[in-house]
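# below is the sequence, then the predicted model.
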Amino acid sequence: MGKLLCIIPARGGSKRIPHKNILPFKGKPIIAYTIETVKESGIADEIMVSTDDKEIADIAMKYGAKFPFRRCDKTANDVCGVADVLVEVVNQYKKNGREFDYVLCVYATNPLLRKECLQEAFEKLKSNPDAESISTIEVYSYPPQRGMIIREDGFMVMNQPEYYSARSQDLPKLYHDSCQFFLFKTEALLRDKKLYTQHSLPYIIKESESQDIDTLEDWKLMEMKYDLMHNKE
């Protein structure tokens, strides 16, 4: 079957919403939802939090994650990529004599995550011998080919004017990262050191099932989507 390590990146230096990874969301720290959902999915052999912040580590451990080592200063700044954090963690585990066949990266601010998605994605990756990774994406709600830009003189123009006469339904769908999870075969992650490997599968989710949080308005949208998701159940 193969062993799976779940890594939750959660540095303490969030600037736009200070300490957003552990702020209360519907009665408990928002990181708790991620930890609990991964545990309920049953796919992870170990769930760990990668952080430079003791308070985040303490809260994560309270809800069942492990904190075997502190994130180094190099990967704790706001310019380091997530892939670098994952590689650091995997290599540290290897130094400690533990290796995993798969690596799951799940973001800390993720209360919309569903255990069924994790289970389905893991099965999809394992059943495709050519696939090296799988990650959540969602379709742009409006075709970006018809996007506008504002010039330096203040006037707007189409960024791709060749699509002026194109009907929206005739344009190919484009997708973007939905900020939920990335799941890798470990050897591919260590080889490419990127979130998207050479052979990456899509796991498509709805816009209502994901929400990146950079502003307080984003936080409110997350609350609305959470209520909508759980009122349906």
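Received, thanks. Numbers count the residues shown, from 1 in each chain.
# quick check: buried residues in the longest helix along the chain?
In the chain, with assignment by DSSP state H, the single longest helix is helix 216-232. Neighbour-count burial for helix 216-232, with 16 or more other CB atoms under 10 Å as criterion, is recorded at 218, 219, 222, 225, 226. Glycine gets a C-beta too; all of them are placed from N, C-alpha and C.
# what packs against that helix?
In terms of contacts (3 or more CB pairs under 8 Å, 6 or more residues apart in numbering; DSSP states H and E), helix 216-232 is packed against strand 24-25.
# which SS class is residue 48?
The local conformation at residue 48, judged by DSSP: H, G, I helix; E, B strand; the rest coil, is strand.
# and the contacts of stretch 160-172?
142, 143, 145, 146, 147, 158 (CB atoms under 8 Å, 6 or more residues apart in numbering).
# list the buried ones in that stretch?
Quick answer for stretch 160-172 (16+ other CB under 10 Å): residue 163.
# can you give the distance of that stretch from its chain's centre?
31 Å (CA atoms, centre = their mean, to the nearest Å).
# how long is it end to end?
In stretch 160-172, first residue to last residue: 14 Å (CA to CA, to the nearest Å).
# now residue 43: closest residue in space, sequence neighbours ignored.
Leaving aside its chain neighbours, residue 43 sits nearest to residue 122 (4.8 Å; criterion: CB to CB, 6 or more residues apart in numbering).
# from residue 36, how far off is that neighbour?
The spacing between residue 122 and residue 36, counted by CB to CB, to the nearest Å, is 17 Å.
# how about the helices in the protein?
Under DSSP H, the chain gives helices at 30-41, 54-62, 82-95, 115-127, 186-192, 216-232.
# just the ones you listed: most buried one?
Neighbour counts (mean count of other CB atoms under 10 Å) averaged over each of the helices of the chain peak at helix 30-41, with a mean of 22.
# just checking, what packs against that one?
Looks like helix 30-41 contacts strand 4-9, strand 46-50, helix 54-62, strand 102-106, helix 115-127 (3+ CB pairs under 8 Å, 6+ apart).
# of the ones you listed, give the one that comes closest to residue 94.
Each of the helices and strands packed on helix 30-41 has some distance to residue 94 by CB to CB; the shortest is strand 4-9, at 10.7 Å.
# who touches the closest one?
For strand 4-9, using CB under 8 Å, 6+ apart, the contacting residues are 31, 34-35, 38, 43-51, 60, 65, 82, 85-86, 89-90, 93, 100-108, 122, 186.
# of the helices and strands packed on helix 30-41, which is nearest residue 179?
The nearest among the helices and strands packed on helix 30-41, by CB to CB, is strand 102-106 at 10.2 Å.
# name the residues that touch that closest one?
Contacts of strand 102-106 (CB under 8 Å, 6+ apart): 2-9, 34, 38, 43-44, 82, 86, 90, 113, 118, 122, 125, 180-186, 189, 195.
# can you give me the angle it makes with strand 46-50?
50 degrees (axes from the mean of the first three to the mean of the last three CA atoms, to 10 degrees).
# measure residue 132 to residue 42 for me?
For residue 132, the distance to residue 42 - CB to CB - is 23 Å.
# whoops, I mixed them up, residue 26
With distances taken as CB to CB, residue 26 is found 24 Å from residue 42.
# and the two? Which one has more around it.
residue 26 (13 against 10; other CB atoms under 10 Å).
# wait, the more buried one touches residue 224, no?
No: using CB atoms under 8 Å, residue 26 is not in contact with residue 224, being 11.6 Å away.
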